[in-house]
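> sequence? don't have it. structure:
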């Protein structure tokens, strides 16, 4: 019996250790990166001024940008999380954006076909299937996930628009649209006329 004592004690300690590890393992939701589906739409949430304040790198600013596109062209670099408005002379106005999550990213050459202030929001059926709690329709306003302004991209269901979740700028969380903070989309909105060319790239060109 005395020989079994240390064995039993070791066994009990092992069991306790395994039990403790079970309770400290993060849940699947906690293990998922914050830039993916764990960040859901929040209709009705109105961000504070502090939440709207972006890190310096995501605030719109003039940057060096080599391009042969005409001034005024919008170029989106999905992998960089930036939208550029070409200014000419190797310069562009750069905005930080949120982009589509894995499986919802795309590329192509399109144009802006419509503009709207404080747009209404009608989530597509595919989005409702993923997030059944979403409203079927929501009037425009500060708590609307479409934000303060929207630029509609022709030939697609996608838009460049504001957001009531400014913390998602720089992340890949959307269903294919490109989002900016309300302050930033209002600035962009004034610079972009209907008919503007939009080039969406998955990765930047190698210079």
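Sure, I can see it. All values derive from a computational prediction rather than experimental measurement.
> how about the helices of the protein, start to end?
Along the chain, counting by DSSP state H, helices occupy 4-24, 28-31, 49-52, 125-130, 182-191.
> Comparing those helices by mean pLDDT, which bottoms out?
Lowest mean pLDDT within these: helix 28-31, a mean of 28.
> If the residue lying closest to residue 61 once chain neighbours are set aside is in a bridge, with which residues?
Nearest residue to residue 61, sequence neighbours excluded (Cβ to Cβ, 6 or more residues apart in numbering): residue 94, at 5.9 Å. To be clear about C-beta, it is placed using only N, CA and C from the backbone, and glycine gets the same treatment. On the basis of DSSP bridges, residue 94 is bridged to residue 61, residue 84.
> Any stretches of this structure with poor pLDDT?
Counting by pLDDT under 70, the chain has low-confidence residues at 1-39, 203-207.
> Identify all contacting residues around the top strand by length along the chain.
Taking DSSP state E as the criterion, the chain has its longest strand at strand 108-117. Contact partners of strand 108-117, identified using Cβ atoms under 8 Å, 6 or more residues apart in numbering, comprise 74, 140, 148-156, 160, 189, 192-200.
> just the angle between it and helix 182-191, please?
Calculated by axes from the mean of the first three to the mean of the last three Cα atoms, to 10 degrees, strand 108-117 forms an angle of 100 degrees with helix 182-191.
> now strand 108-117, how far from the centre of its chain.
The chain centroid and the centroid of strand 108-117 are separated by 18 Å, computed with Cα atoms, centre = their mean, to the nearest Å.
> residue contacts, the residue nearest to residue 61?
60-63, 65, 82-84.
> of all the residues you listed, which comes closest to residue 181?
Set against residue 181, the nearest of the contacts of residue 94 by Cβ to Cβ is residue 60 (9.8 Å).
> The closest one is in contact with residue 97, isn't it?
No: if you go by Cβ atoms under 8 Å, residue 60 and residue 97 don't touch, sitting 10.4 Å apart.
> list the residues that contact both of those two?
Common neighbours of residue 60 and residue 97 are not found (criterion: Cβ under 8 Å, 6+ apart).
> out of those two, which sits in the more crowded spot?
Remark: of residue 60 and residue 97, residue 97 carries more neighbours, 28 against 20, as counted by other Cβ atoms under 10 Å.
> what sits against the more buried one?
By Cβ under 8 Å, 6+ apart, the residues touching residue 97 are 76, 81-83, 160, 169-170, 178-180.
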